[in-house]
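Here's my sequence, what's the structure:
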Amino acid sequence: MEKDISYNRIWQIAYPIILGSVAQNLINFTDTAFLGRVGEVALGAGALGGIFYLAVFMLGFGFSMGEQIIVARRYGEKRFREIGSVVDHSFIFLLLLAIAAFVVLRFGSVEILRYGVKSRDISAGTMTFLDYRAFGIFAAFVNVGFRSFYVGLGRTKIISYTTVVLALVNIVLDYLLIFGKFGFPEMGIAGAAIASVIAEFSAMIYFMIYTAIYIRFADYDLFRFKGLHWRKMQRILKVSFPTMMQQFISLSVWFVFFLFVEKIGKSSLAVSNIIRSIYVLLMVPIWGFATAVNTLVSYLIGAGRSREVMRLVYRIILLCFVGVVVLVSLGLIFPRLLLGIYTNDQLLINMGIPVLHVISLGALLLSVGLILFSAVSGTGKTNVSLAIELTVLVIYLIYTYLIVEHWHGDVAYAWTAEWVYGSLLSLFSFIYLKSNRWKKYRI
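Modelled structure (predicted):
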């Protein structure tokens, strides 16, 4: 990485992740758009099943964020041959975690859905989705392990290549399996799940082939698997466990949010699934820049350049905010056109327009909040980032509960919880970063 981390260098690291996120979120976009043509029940079940899967997936993704922070730190310290041991131990842990995650998805979801979902049709559809979708967790966890290795090194172009493969396979198979085209069986929501599983394994194979061709394993002492050293695993877990819990709890709370919305009505849940898909697309540049700040902050600290961290953070916030403003503006100018991609039901479109306005402001708040929050994680003080996340999420849940259960607000009112989340995440993260308590921390 260059001496001065300029806007250009930030963009070079962030844009492949953003492109990769665009491709990856085409899966969510395609599933939602196709299932919207199947019906409200399929759309609602796809929403709950997708978020439940994501919540469990975030255990692995959160662990891999810790891996990424340590890889970037070792890279900044020029201790290259120690990177391989970090990656090897991370893969061992991720594979063990995948087995546990599979059990939760395939069998643990039954009781949660039975008591948490009011509609029996939606509950049954969600369980059908997860019965198939669970198998993808093995490939998904391997993929995040590779992703963190490359992002930690600042070599992010592979992320965009891999997720293009993921998206293309998923789009084609969604069309064939959901609707039963060209002789394939018409499987509806089960077809969407199977398509996603095959897409994830396709991406995993691409990662493996690319790594075998372009990475000299000896440079990093990579994939030696010389045995599990508990002390090394403990050091990785010290950083990774808080990010793992943070990501899991965050998505679990979002799952609970959708359970609250389901109590308002099937139409509210269907609209929220459409809005979730749009919101995720608005989040694409935010996640790209958040990943960049996470890596670059850790790199700067490892290189002994802690004084440059806040200047870097402000630069990334500016780039991220401008990118989100552009996307939000398009949605606000053409709301019916955007919502019409997902459904031709005018009732759902009319319900969705005010919610679209709400999430537009939510995305702008998160373009600041998530960058500041990811900078906190990048310092290595992931226990602090976990504490911030838990505090904000407790307030978020209380707010949502009051809106739905006590104030009987509509779906647009419920989504204002995102304003609370973005504002508080910004405030608490900024206060911690300005305290400078992180500057002498070593991982």
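
Can you find the helix or strand of the protein with the lowest average pLDDT?
Within the chain, confidence by mean pLDDT, DSSP states H and E is lowest for helix 109-116 among all helices and strands, at a mean of 69.

so after that helix, what's the next helix or strand?
Downstream of helix 109-116, the first helix or strand assigned by DSSP states H and E is helix 120-133.

low-scoring pLDDT stretches of this structure, where are they?
Scanning the chain with the threshold set as pLDDT under 70 gives 1-4, 19-29, 36, 114-118.

Now do the residue of the chain most remote from its centre against residue 176, distance only.
Farthest-out residue of the chain from its mean C-alpha position, per C-alpha atoms, centre = their mean: residue 183, at 34.4 Å. The gap separating residue 183 from residue 176 is 9 Å, by C-beta to C-beta, to the nearest Å. Placement of C-beta: from N, CA and C, glycine included.

Contacts for the strand or helix carrying residue 319, please.
Assessed by DSSP H and E, residue 319 sits inside helix 309-333. Helix 309-333 is contacted from outside by 5, 7, 10-11, 14, 278, 281-282, 284-286, 289-290, 292-293, 296-297, 300-301, 338, 356-357, 360, 363-364, 367-368, 371-372, 375, 379, 433-434, using C-beta atoms under 8 Å, 6 or more residues apart in numbering.

7 Å instead, please
5, 7, 10-11, 278, 282, 285-286, 289, 292-293, 296-297, 300, 338, 356, 360, 363-364, 367-368, 371-372, 375, 433 (C-beta atoms under 7 Å, 6 or more residues apart in numbering).

Please point out which parts of it sit buried.
Applying a neighbour-count criterion of 16 or more other C-beta atoms under 10 Å, one finds 309, 312-313, 315-321, 323-324, 327-328, 331 buried in helix 309-333.

Report the two members of those residues separated by the largest distance.
Comparing all pairs in the buried residues of helix 309-333 by C-beta to C-beta, the longest separation belongs to 309 and 331, at 32.8 Å.

and after the helix or strand hosting residue 360, which helix or strand comes next?
Using DSSP H and E, residue 360 falls within helix 346-378. Using DSSP H and E, the helix or strand that follows helix 346-378 towards the C-terminus is helix 382-401.

Off-centre distance for that next one?
Remark: helix 382-401 is offset 17 Å from the chain centroid, using C-alpha atoms, centre = their mean, to the nearest Å.

same deal with stretch 48-58?
On C-alpha atoms, centre = their mean, the centre of stretch 48-58 falls 10 Å from the chain's centre.

Need the contact partners of that stretch.
Contact with stretch 48-58 is made by 28, 31, 101, 104-105, 109, 117, 122, 126, 129-130, 133, 137, 140, 247-248, 250-252, 254-255, 258, as judged by C-beta under 7 Å, 6+ apart.

Specify the angle between the helix holding residue 360 and helix 309-333 in degrees.
With axes from the mean of the first three to the mean of the last three C-alpha atoms, to 10 degrees as the basis, helix 346-378 and helix 309-333 are set at 180 degrees to each other.

residues in contact with residue 364?
By C-beta under 7 Å, 6+ apart, the neighbours of residue 364 are 324, 328.

can you offset everything so residue one is 383?
I'll keep to 383 as the first residue from here, and by that count the last item is residue 746.

just to revisit the earlier point, and the helix holding residue 701, how far out from the chain middle?
With C-alpha atoms, centre = their mean, you get 18 Å for helix 691-715.

following that helix, which helix or strand comes up?
The helix or strand immediately downstream of helix 691-715 is helix 717-722, counting by DSSP H and E.

Which parts of the stretch 583-732 of the chain are helices?
Ranges of helices within the stretch 583-732 of the chain are 599-602, 612-646, 648-684, 691-715, 717-722, 728-760, based on DSSP state H, counting those that start in this stretch.

What is the shortest one packed up against?
Going back to what we said before, that points to helix 599-602. Packed against helix 599-602, as judged by 3 or more C-beta pairs under 7 Å, 6 or more residues apart in numbering; DSSP states H and E, are no other helices or strands.

Quick check: buried residues in it?
Neighbour-count burial for helix 599-602 flags residue 602 (criterion: 16+ other C-beta under 10 Å).

contact partners of that helix?
462, 463, 465, 466, 605.

can you check stretch 464-476 too?
Here stretch 464-476 makes contact (C-beta under 7 Å, 6+ apart) with 442, 445-446, 449, 452-453, 456-457, 523-524, 527, 531, 602-607, 610, 614-615, 618.

One more pass at 6 Å, please.
With contacts defined as C-beta atoms under 6 Å, 6 or more residues apart in numbering, stretch 464-476 is touched by 442, 449, 452-453, 456, 523, 527, 531, 602-604, 607, 614-615, 618.

same check, this time on stretch 585-594
The contact list for stretch 585-594 (C-beta under 6 Å, 6+ apart) reads 521, 524, 525, 528, 540, 544, 547, 548.

about what we covered before: so which of the buried residues of helix 691-715 is the closest to residue 573?
Within these, the smallest distance to residue 573 is 28.6 Å, found for residue 713 (C-beta to C-beta).

The closest residue to residue 486 other than its chain neighbours: neighbouring residues, count only.
Leaving out its chain neighbours, the residue that sits closest to residue 486 by C-beta to C-beta, 6 or more residues apart in numbering is residue 438, at 5.6 Å. Neighbourhood size, residue 438 [other C-beta atoms under 10 Å]: 26.

Check which helix or strand residue 438 maps to.
Assigned by DSSP H and E, residue 438 falls within helix 422-458.

same question, residue 468
helix 465-485.

Next, the buried residues of that helix.
Neighbour counts over helix 465-485 (16+ other C-beta under 10 Å) mark 465-473, 475-476, 479-480, 483-484 as buried.

Now flag whichever of the residues you listed is closest to residue 792.
residue 483 (34.9 Å).

Contacts only, for that closest one.
By C-beta under 6 Å, 6+ apart, residue 483 lies in contact with 438, 519.

Look up how far residue 632 lies from it.
Separation of residue 483 from residue 632 (C-beta to C-beta): 16 Å.
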